[in-house]
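J.: Quick one: sequence plus predicted model below, questions after.
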Amino acid sequence: MSDALVVSNYKDTHQSLDNLEQQLTSTSNRLSILRLIIFISTIALTILLASYQPIIAVIVCILGLGLFLYIVKTHHRKDRERQIVSYKKSIISNELDAISKLENENYDGLDFIDQDHNYTSDLDVFGPFSLYALVNRCRTFNGINILAGFMSMKPSLTDIQDRITAIEELENDTEWRINFYATLYEIQDGQNINTAKIVEGILDTDLSFATEQKLSLYRKIVPILWLGLGTLYFIYPDVSYILAIVLGLINFRITMKHAEKVSAIQNRLSKAGNQLDKYAEALTIISERQWSAPIIKSKIAGNSQNENQVKALRKLKSISDLLDYRLHMIPAFLLNIGLLWDSKITASLSNWHVNHGHQIKETFDLIGLVEAFSSLATWSYNHPAFSYARVTNEYFYLNGVDLRHPLLHYEECVPNDYNLRKGDYMSVITGSNMSGKSTILRTIGLNMILGYCGTKVAAMSLSYGLVELITYMRIKDNLEESVSTFKSELNRVVKILDLLKSDKQSFIIADEMLRGTNSHDKLKGSKAIVLEVIKHQAYGMVATHDIALAEMGEDHDGISNFYFDIDYADGDLLFDYKIKPGICENFNASFLLSQLGLNVTQESPKRKHIK
């Protein structure tokens, strides 16, 4: 499948949905008119027949209102279908934007930026214009965090294979993915609303006051007491009136005793309540699918009561809605003096906790896991020219063919082949400014992360060994903590050395080390770091302008050299952005400075190619 075919498929689906939306709009308008006609006709016939055929009038009224309610329910269902179709259209429009403009309406992972993480900050994994910003389609807190975990933690080979299996299953099932996304589309700011934690927090609250034996018994008696007072009214109206006031005051006192606690519960539950229906719909779609992927099948088997959990989530939503009645002063007052409403609904919440509370986390995690896999499957589907990586336990090699930067348009990328052989511990990459050194580092790092996620990588093929990834690229000062750029660099060096000493199999990606100090110490320090990597038989890549660093290959085994070249034509620079074996011979800083009017003596040192 080509990119053009993917776009065509999305556009065809969008057009079909557009036609369906128009049909549903037309149906909704007709139902709206029909319900009005039925309502007016029922009222008119009832009034007309009431004076001389009262029994028939009652029958007409009941049948008319029944038909009216049926039409209202049908109308609401069609409006909901139309709304879902509208969401699906928005989802497809977003995919077309993601392909053509590299834009995605979903959360970009800004809160996951961590300058101290081993690699995510340097490789643009989170935040605007990041890998996460392009891949993420998750709306729920759990999905957002699970996908972030995939991108920021080293997996096992079993994890990778499980992910690939699940993603491959979903990749070409676009219709299912869009239906699944649509159920959760209404969830906003999911990164800030941990619904599972909110529900668990409420359930951890002491609700025993609502289930006390005496109070439970009294709640059952209250309706009977009101019925008795209603009967007594026809015999002794004054007495029934006084007793009704006494009963109302007793119920009001009981309600106010726990009003503050119930109010706190209601406030928290309302935040989650708006999302519970969506979770239930998503869980329904997950449960009804016949999964092949073992990781999903095992989660569903471990949560075997999925059908009951769907009902449980809807029941919890109903409890939340009923508890929200207390927000309206007059209904809340009448319901509480009449039925001890707060106590009654809180007792229902307590019972729900006993029956279903233990499955909350795994239920929400299951939905989030499927969201993460669906996001990665969509990435794979949208990039048919990409391929799944082959990750092994062999330490260490990396072989990539037609590697591209995954955050750039496919057509704009210059593909590169790169082969890091076992025993070539440090690859030194030299080249002029703007020639592609930093880009190749991020290209390899980001594609390794995609491979760890189990989705397609931006390459014709990529195979590599499973390693701890650490970078040393975008080092900045920290004025708030009074940390200079050089001190920040030293902190990163310490982190790398600690990783080397831990004997963990690691791969280091570095760009111009120790730039925060003088050129003499910079070179000495960079050489020392390279030798330390070789000493521990770790692996890495370093981009540098220091030719002397590349020349270490003359005296030390385990160093391989690559470079990016430039050419001059008609007073301008030409870049081919292709990585080649050897050491760079041409540099452009002097040329660029001279273009600014500075008197710079240009030199083009000729250097031999070294392994």
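T.: Great, that's in hand. Numbering: from 1, shown residues only.

J.: which residue ranges form the strands in the stretch 301-450 of the chain?
T.: Using DSSP state E, counting those that start in this stretch, the strands assigned to the stretch 301-450 of the chain run over residues 387-388, 390-392, 398-403, 416-420, 426-431.

J.: Neighbouring strands - and their directions - for the fourth one?
T.: Put plainly, it is strand 416-420. Within its sheet, strand 416-420 is paired with strand 398-403 (antiparallel), according to DSSP bridges.

J.: Could you do the shortest one as well?
T.: In the sheet, strand 387-388 lines up against strand 456-457 (antiparallel) (DSSP bridges).

J.: Following the chain onward from the partner strand, which element is next?
T.: strand 461-465 (DSSP states H and E).

J.: and that next one, average pLDDT?
T.: For strand 461-465, mean pLDDT rounds to 96.

J.: tilt between that strand and strand 416-420?
T.: Calculated by axes from the mean of the first three to the mean of the last three C-alpha atoms, to 10 degrees, strand 461-465 forms an angle of 20 degrees with strand 416-420.

J.: could you dump strand 461-465 to PDB, C-alpha only?
T.: Taking Å, rounded to 0.1, in the frame of the first residue of the first chain, the C-alpha atoms of strand 461-465 are listed here in PDB:
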ATOM      1  CA  SER A 461      14.800  -2.200   7.300                       C
ATOM      2  CA  LEU A 462      16.300  -1.800  10.700                       C
ATOM      3  CA  SER A 463      17.800  -4.400  13.000                       C
ATOM      4  CA  TYR A 464      19.700  -3.800  16.200                       C
ATOM      5  CA  GLY A 465      20.500  -5.200  19.700                       C
END
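
J.: in that strand, what counts as buried?
T.: Within strand 461-465, the residues scored as buried using 16 or more other C-beta atoms under 10 Å are 462-465. (Each C-beta comes from the backbone N, C-alpha and C, glycine too.)

J.: from those residues, which is closest to residue 60?
T.: Using C-beta to C-beta, residue 462 is the member of the buried residues of strand 461-465 that lies nearest residue 60, at 74.0 Å.

J.: quick revisit: mean neighbour count, the strands of the stretch 301-450 of the chain: which tops it?
T.: strand 426-431 (a mean of 26; mean count of other C-beta atoms under 10 Å).

J.: List the contacts of residue 300.
T.: Residues in contact with residue 300 (C-beta atoms under 8 Å, 6 or more residues apart in numbering) are 286-287, 291, 306, 366.

J.: Looking at pLDDT only, which of those residues scores worst?
T.: Lowest pLDDT within these is found at residue 306 (57).

J.: what does the average pLDDT come to for whatever helix or strand residue 62 lives in?
T.: Assigned by DSSP H and E, residue 62 falls within helix 54-100. Regarding helix 54-100, the rounded mean pLDDT is 92.

J.: And for the next helix or strand after it, what's in contact with it?
T.: The first helix or strand that comes after helix 54-100 along the chain, using DSSP H and E, is helix 131-135. Here helix 131-135 makes contact (C-beta under 8 Å, 6+ apart) with 98, 102, 104, 108-109, 112, 123-127, 147-148, 151, 375-376, 378-379, 406-407, 446, 449-450, 453, 455.

J.: Restrict the residues you listed to the buried ones and give me that as a PyMOL selection.
T.: Those of the contacts of helix 131-135 that count as buried under 16+ other C-beta under 10 Å are selected in PyMOL with:
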select buried, resi 98+104+108+109+112+123+124+125+126+127+147+148+151+375+376+378+379+406+407+446+449+450+453+455
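
J.: What is the host helix or strand of residue 274 packed up against?
T.: Per DSSP H and E: residue 274 is located in helix 259-288. Identification of packing neighbours for helix 259-288 by 3 or more C-beta pairs under 8 Å, 6 or more residues apart in numbering; DSSP states H and E yields helix 174-184, helix 195-203, helix 294-302, helix 306-323, helix 341-356, helix 360-382.

J.: ok, now with 7 Å
T.: helix 174-184, helix 195-203, helix 306-323, helix 341-356, helix 360-382 (3 or more C-beta pairs under 7 Å, 6 or more residues apart in numbering; DSSP states H and E).

J.: Format the CA atom coordinates belonging to the shortest one as PDB.
T.: Just to be clear, that refers to helix 195-203. C-alpha atoms of helix 195-203 as PDB (Å, rounded to 0.1, in the frame of the first residue of the first chain):
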ATOM      1  CA  THR A 195     -10.700   8.900  36.300                       C
ATOM      2  CA  ALA A 196      -9.600   5.500  37.800                       C
ATOM      3  CA  LYS A 197      -7.700   7.300  40.700                       C
ATOM      4  CA  ILE A 198     -10.700   9.600  41.300                       C
ATOM      5  CA  VAL A 199     -13.000   6.600  41.600                       C
ATOM      6  CA  GLU A 200     -10.600   4.700  43.700                       C
ATOM      7  CA  GLY A 201     -10.100   7.700  46.000                       C
ATOM      8  CA  ILE A 202     -13.900   8.000  46.500                       C
ATOM      9  CA  LEU A 203     -14.200   4.300  47.200                       C
END
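
J.: Give me the buried positions along it.
T.: Of the residues in helix 195-203, 195-196, 198-199, 202-203 count as buried by neighbour count, 16+ other C-beta under 10 Å.

J.: tell me the angle it makes with helix 341-356.
T.: For helix 195-203 against helix 341-356, the angle by the same axes, to 10 degrees is 120 degrees.

J.: Tell me which other helices or strands helix 195-203 touches.
T.: Against helix 195-203 (3+ C-beta pairs under 7 Å, 6+ apart) you get helix 259-288, helix 360-382.

J.: picking up where we left off before, pipe the helices and strands packed on helix 259-288 into JSON lines and attach distance to residue 531 per row.
T.: As requested, the helices and strands packed on helix 259-288 are exported to JSON lines (distance: least, C-beta to C-beta, whole Å):
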{"stretch": "helix 174-184", "distance to residue 531": "50"}
{"stretch": "helix 195-203", "distance to residue 531": "48"}
{"stretch": "helix 306-323", "distance to residue 531": "57"}
{"stretch": "helix 341-356", "distance to residue 531": "60"}
{"stretch": "helix 360-382", "distance to residue 531": "39"}
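
J.: Pick the most buried one from these.
T.: helix 360-382 (a mean of 23).

J.: now it against helix 259-288, angle please.
T.: 50 degrees.

J.: other SSEs contacting helix 360-382?
T.: helix 54-100, helix 131-135, helix 141-152, helix 157-171, helix 174-184, helix 195-203, helix 259-288, helix 294-302.

J.: For residue 118, find the nearest of those helices.
T.: helix 141-152 (8.6 Å).

J.: With only the CA atoms kept, save that closest one in PDB.
T.: Extracted C-alpha coordinates of helix 141-152, given in PDB (Å, rounded to 0.1, in the frame of the first residue of the first chain):
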ATOM      1  CA  PHE A 141      -5.200   9.300  31.400                       C
ATOM      2  CA  ASN A 142      -4.300   5.600  31.400                       C
ATOM      3  CA  GLY A 143      -3.700   5.500  27.600                       C
ATOM      4  CA  ILE A 144      -1.700   8.700  27.600                       C
ATOM      5  CA  ASN A 145       0.600   7.400  30.300                       C
ATOM      6  CA  ILE A 146       0.900   3.900  28.900                       C
ATOM      7  CA  LEU A 147       2.000   5.200  25.500                       C
ATOM      8  CA  ALA A 148       4.500   7.600  27.200                       C
ATOM      9  CA  GLY A 149       5.900   4.600  29.100                       C
ATOM     10  CA  PHE A 150       6.400   2.700  25.900                       C
ATOM     11  CA  MET A 151       8.500   5.600  24.600                       C
ATOM     12  CA  SER A 152      10.500   6.200  27.700                       C
END
